[in-house]
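Asker: missing the sequence, but the structure's below:
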Ligand SMILES: Nc1nc2c(ncn2[C@@H]2O[C@H](COP(=O)(O)OP(=O)(O)OP(=O)(O)O)[C@@H](O)[C@H]2O)c(=O)[nH]1
Ligand SMILES: [Mg+2]
């Protein structure tokens, strides 16, 4: 248990810690000279039960409230001192308010210097204290008189603290490791040491960690917990870490840094928070109000962006966006305190609720609803609520990181909520089971509607479909969603299109009539040199546009192939040409053939023959090397030619020749050039037309 002192200057905090532990926390020369505490002091008290109580002694001076804040952020238990002869003073009130804002609701009030007052006075002060703590987090704290001078009440207080430490169930060490640095120094023979309270998780000797926000990498060479050498430090421990790393030095790490599990390093300078303004504050907090933000041991300048319409009145709470002067290493739902820029007084504080809020559209109803869920401390309830608000999807990886959740905690969250998690790149987008059902069924419904309205189209474009659906997933996440749904077999991903598995493209009756007039023009003797779109349009009296549209449609149905721009060949013809190409190749030495040899067989002119071969090259049916080509027999079936088994391929890559089943496929149609015409291998690589 870490105990932190609090209270007005000179109210006997340091003297009391010394009376309890024997340790004088005022080590600095200046502290001795001035008789006040300036920096944080640390003391440890081993108990009979083998526990160690840690003490953080803070300064009471009004100019050092920021130091008190750095200390108070790392404590479990408050030891508030009020001098019996002085009573409640300004920093008693301010420290009490800070403890309240930090949510430290466990502690005791010591009425110090009890030796200086009469019993009646002591009773009056006790009454005054009870009134001061009423309504704060410490309202149920016991009030005990002590004197560091005479020793009165000191043993009782020590016993009280030991009992409290025994009663506490130690903080959960779940979550990823974070330690808020309050000191960095070098020790001779050891190296760089940083100290602070472990905010969450565990740290082991030899762990690799990161210093945030600087990002410096380090290894834990050794560690102390409560001033003793240990192998592991846990949440709630006060630890000293001996860090090693290429860029690690005493100067490179300072108070306010956070040593973190390397998965957590993601500093932020824009944070959504719930801010409570102290009732004692004179004026409301307005738009773009400048503050000093205190978080863990860090202090940074910031502006308050109001997310509601009106300024925040004293005593009221509201959602705000904090825009920081520089990034800090935070987590949700960390507590924070804001003070005014001249650092004269504490204004308020609260909890962080979102470390990556949007800078724009932050006042929409949707965003408001998200914040309401994010404000919930319990991660499971918060994430469940978040997924029930638009856009009904959230990045689980970022959520887990920003709440310092361990892998096991995240897994449990997924299991308990039955989440559907879509992975893409480094992000893990989660959707609730209900929303996933809605998403899936509306996707299937949209695809079905699209087919009904567009029977002649192969499917709906992915992007078009994405924009039709809620939640509107980011593109890469949508792809992951499509893949997941397609695994069920109901939809098929067809390039950039999505169609239902049962969908077949069908021509409307007009288009069927048009096709019936066009198809004969593409076949017959001229099939190796069919008319182009322009020629067909002229021959049939239709517009080029219409002919082109229909032929593209026929292409999607696998009836034709667009060999070159606006030049469509029947699929049967293309298949026939692959076989001819294979045959030409088989008739040459080395199975290589030239475009001229191919043209001679098709008798369709040099230009068209080259276009066909280039089309085959693109499809991988032929392999082009210099002026000659070979057949890639693995691709011969692309247009429907029977697949060759490797035993068929004894004649090399183009052993189709001579197979009667291939010849018979062409029926009685004579193949130009004939199967038996053997052209000699080319002597020259130039075209000879
Ligand atoms: N008579 C009497 N004097 C005390 C007692 N406790 C502290 N003092 C004196 O009060 C003065 C201030 O005590 P500190 O313990 O330094 O007070 P503090 O709260 O630590 O002061 P800061 O850290 O500067 O805020 C010192 O001169 C102490 O000797 C006490 O129980 N009885
Ligand atoms: Mg002191």
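Answerer: Good, I have the coordinates. Predicted model, so just to flag it, every value in this text is computed and none were measured. Ligands and ions are numbered 1, 2, ... in the order given.

Asker: ok, residue 580 touching residue 601?
Answerer: Yes. Residue 580 lies in contact with residue 601 (Cβ atoms under 8 Å); the separation is 5.4 Å. To be clear about C-beta, it is placed using only N, CA and C from the backbone, and glycine gets the same treatment.

Asker: Now residue 436: closest residue in space that isn't a chain neighbour?
Answerer: residue 420 (4.3 Å; Cβ to Cβ, 6 or more residues apart in numbering).

Asker: cool, and residue 564?
Answerer: residue 611 (4.3 Å).

Asker: got it, and residue 55?
Answerer: residue 43 is the one closest to residue 55 (Cβ to Cβ, 6+ apart), at 4.3 Å.

Asker: What residue in the stretch 351-500 of the chain comes nearest to ligand 2?
Answerer: residue 351 (29.6 Å; Cβ to the ion).

Asker: what bridges to residue 498?
Answerer: Note on residue 498: beta-bridge partners residue 460, residue 493, judged by DSSP bridges.

Asker: Contacts only, for it.
Answerer: Taking Cβ atoms under 8 Å, 6 or more residues apart in numbering, we find residue 498 in contact with 447, 459-462, 465, 482, 491-492.

Asker: can you list those residues in CSV and add distance to ligand 1, pLDDT and neighbour count?
Answerer: Converted to CSV, those look like this (distance: Cβ to the nearest ligand atom, whole Å; pLDDT from 0 to 100; neighbours: other Cβ atoms under 10 Å):
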residue, distance to ligand 1, pLDDT, neighbour count
447, 71, 96, 24
459, 75, 88, 24
460, 72, 93, 25
461, 70, 90, 14
462, 66, 88, 18
465, 67, 95, 19
482, 64, 93, 19
491, 71, 93, 24
492, 74, 89, 16
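
Asker: Is residue 467 part of a helix or strand, or is it coil?
Answerer: Secondary structure, DSSP: H, G, I helix; E, B strand; the rest coil: residue 467 is helix.

Asker: what's the burial count for it?
Answerer: By other Cβ atoms under 10 Å, the residues close to residue 467 number 10.

Asker: show me the contacts for it.
Answerer: So residue 467 contacts nothing (Cβ under 8 Å, 6+ apart).

Asker: And it, what's its pLDDT?
Answerer: Predicted confidence (pLDDT) for residue 467: 94.

Asker: What separation do you get for it and residue 478?
Answerer: Distance of residue 467 to residue 478, given as Cβ to Cβ, to the nearest Å: 10 Å.

Asker: now residue 450
Answerer: With Cβ to Cβ as the criterion, residue 450 and residue 478 are 16 Å apart.

Asker: Please apply the same query to residue 552.
Answerer: On the measure of Cβ to Cβ, residue 552 and residue 478 end up 26 Å apart.

Asker: Low-confidence regions, the stretch 101-250 of the chain specifically.
Answerer: Within the stretch 101-250 of the chain, the segments meeting pLDDT under 70 span 169-170.

Asker: what ranges do the helices span in it?
Answerer: Under the criterion DSSP state H, counting those that start in this stretch, the stretch 101-250 of the chain carries helices at the ranges 119-133, 154-167.

Asker: what's the answer for the stretch 351-500 of the chain, then?
Answerer: Using DSSP H, counting those that start in this stretch, helices in the stretch 351-500 of the chain cover 365-374, 379-387, 396-402, 407-417, 433-453, 462-468, 475-486.

Asker: one step back: where does the residue nearest to residue 55 fall, helix, sheet strand or coil?
Answerer: Residue 43 ends up strand, using three-state DSSP.

Asker: all strands in the stretch 51-200 of the chain, in order from the N-terminus.
Answerer: 52-57, 77-83, 107-112, 142-145, 178-187, 191-200 (DSSP state E, counting those that start in this stretch).

Asker: out of the ones you listed, which comes closest to ligand 1?
Answerer: strand 107-112 (5.0 Å; Cβ to the nearest ligand atom).

Asker: and that closest one, anywhere near ligand 2?
Answerer: No. Contact of strand 107-112 with ligand 2 (Cβ under 5 Å from the ion) is absent, the minimum separation being 11.1 Å.

Asker: which residues are contacting that strand?
Answerer: 11-13, 15-16, 77-84, 99, 122, 125-126, 129, 133, 138, 141-148, 153, 157, 160-161, 164.

Asker: In its sheet, which strands sit next to it, and in what direction?
Answerer: In the sheet, strand 107-112 lines up with strand 77-83 (parallel), strand 142-145 (parallel) (DSSP bridges).

Asker: Need the contact partners of the last one.
Answerer: Where contact means Cβ under 8 Å, 6+ apart, the residues beyond strand 142-145 that reach it are 84, 108-111, 114, 122, 126, 129-130, 152-153, 156-157, 160.

Asker: how about 6 Å then?
Answerer: Here strand 142-145 makes contact (Cβ atoms under 6 Å, 6 or more residues apart in numbering) with 108-111, 114, 122, 126, 129, 153, 157.

Asker: Quick check: of those residues, which lies closest to residue 385?
Answerer: Among the contacts of strand 142-145, residue 108 lies closest to residue 385 (Cβ to Cβ), at 36.9 Å.

Asker: tell me which parts of this protein are close to ligand 2?
Answerer: Residues of the chain lying near ligand 2 (Cβ under 5 Å from the ion): 13-14, 37.

Asker: Can you tell me, leaving aside adjacent residues, what's nearest to the residue positioned nearest the centre of the chain?
Answerer: The centroid of the chain falls nearest to residue 398 when counting by Cα atoms, centre = their mean (3.2 Å). In space, and not counting its chain neighbours, residue 398 is closest to residue 356: 6.4 Å by Cβ to Cβ, 6+ apart.

Asker: Pull the number of nearby residues for that neighbour.
Answerer: Counted with other Cβ under 10 Å, residue 356 comes out at 14.

Asker: How about residue 172?
Answerer: 11.

Asker: So what's the residue count around the nearest residue to it once chain neighbours are set aside?
Answerer: In this structure, residue 172 finds its nearest non-sequential neighbour in residue 235, 6.4 Å apart by Cβ to Cβ, 6+ apart. For residue 235, the neighbour count with other Cβ under 10 Å is 20.

Asker: Now do the same contact list for residue 235.
Answerer: Neighbours of residue 235 in contact, by Cβ under 6 Å, 6+ apart: 171, 173, 198, 200.

Asker: How about the contacts made by the second one?
Answerer: Residues near residue 173 by Cβ under 6 Å, 6+ apart: 202, 234-235.

Asker: Roughly how far does residue 35 sit from residue 60?
Answerer: Relative to residue 60, and taking Cβ to Cβ, residue 35 is found at 12 Å.

Asker: oh sorry, the question was meant for residue 579
Answerer: 97 Å.

Asker: Tell me which of the two has more neighbours.
Answerer: residue 60 (27 against 23).

Asker: Ramachandran angles for that one?
Answerer: Phi and psi for residue 60, reported as degrees, to the nearest 10, are phi -100, psi -10.

Asker: Give the closest residue to it in space, chain neighbours not counted.
Answerer: Nearest non-adjacent residue to residue 60 (Cβ to Cβ, 6+ apart): residue 9, at 3.7 Å.

Asker: Give me the neighbour count for that neighbour.
Answerer: Residue 9 has 19 nearby residues by other Cβ under 10 Å.

Asker: Same check on residue 189?
Answerer: 5.

Asker: The residue nearest to residue 334 when sequence neighbours are not counted bridge partners, please.
Answerer: Excluding the flanking residues, the one nearest residue 334 by Cβ to Cβ, 6+ apart is residue 352, at 4.9 Å. Note on residue 352: beta-bridge partners by DSSP bridges are residue 273.

Asker: Cool, thanks, talk later.
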